[in-house]
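*Asks:* sequence plus predicted model, see below.
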Amino acid sequence: MEAWQAVPPRIAIQTTKTLTMALEKNTDLTQHPPRSPRVRLGGYAILPRMLDKGRATLAGKNGEYHYACPMDQRFLDFVSIDPEELKKQLYSGKGDGEILEWIQETAKNKRSDAEIANWSDYAEKRVPSDPESRKHFNDLHEKAAPKREDVTSWFDLLDLDDYVSFGGKP
């Protein structure tokens, strides 16, 4: 058991109930997708989506979504934050603004606004860069909307997959 999970039973029940209610309010990813990877927090692309997935994971409502997936890991590596440490912050019930403050204080790699903007712009335009990634991308694209020619980046594909997965027509 992690140290942050070792909470006295009486407090754990009350805290877990409050946290569960807070997490279930907007984080049931079996009912709706997380925010688009294009949505930014503190200038960081991917971050709000990753926070949604982390909160949903804590609530047991992440569905097909994975916290700290390879795309999330790119953000985590950029700021040099441990995904489990971030999950502890989410577990404490912090909101997006509080999490952003924690990241800015804790990140081993302190980034300037220009570095954040450049990284986020690159992330938004990133395309599969090797044969294995291209095959995976093409397979997902084929399943979601094979006739869509405007899907070229990973963010395009994620947005399309989220839309189609929850009943949208390609």
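*Replies:* It's in. This is a predicted model, so every value here is computed, not measured.
*Asks:* next, the contact list for Arg111, please.
*Replies:* Applying C-beta atoms under 8 Å, 6 or more residues apart in numbering, one finds that Arg111 lies in contact with Phe78, Val79, Trp119. The C-beta positions use only the backbone N, C-alpha and C, and glycine is treated the same way.
*Asks:* phi first, then psi, for it.
*Replies:* As for Arg111, its main-chain torsions (degrees, to the nearest 10) stand at phi -110, psi 140.
*Asks:* for Phe78, see how far away it is.
*Replies:* 7 Å (C-beta to C-beta, to the nearest Å).
*Asks:* please enumerate the shared neighbours of those two.
*Replies:* Here Arg111 and Phe78 share the contacting residues Trp119, scored by C-beta under 8 Å, 6+ apart.
*Asks:* can you tell me the closest non-neighbouring residue to Val127?
*Replies:* Of all residues not flanking Val127 in the chain, Ser153 sits nearest, at 5.5 Å (C-beta to C-beta, 6 or more residues apart in numbering).
*Asks:* my read: that neighbour touches Lys125, true?
*Replies:* Yes - using C-beta atoms under 8 Å, Ser153 is in contact with Lys125, at 5.6 Å.
*Asks:* mind listing what's buried in whatever helix or strand Gln89 lives in?
*Replies:* In this structure, Gln89 sits in helix 83-91 according to DSSP states H and E. Along helix 83-91, the positions that meet the burial threshold by neighbour count (16 or more other C-beta atoms under 10 Å) are Pro83, Leu86, Lys87, Lys88, Gln89, Leu90, Tyr91.
*Asks:* check stretch 43-61 too.
*Replies:* Taking 16+ other C-beta under 10 Å as the criterion, stretch 43-61 shows 43-59, 61 as buried.
*Asks:* cool, stretch 66-86 as well?
*Replies:* Of the residues in stretch 66-86, those buried under the neighbour-count criterion (16+ other C-beta under 10 Å) are Tyr67, Ala68, Met71, Asp72, Arg74, Phe75, Leu76, Phe78, Val79, Ile81, Pro83, Leu86.
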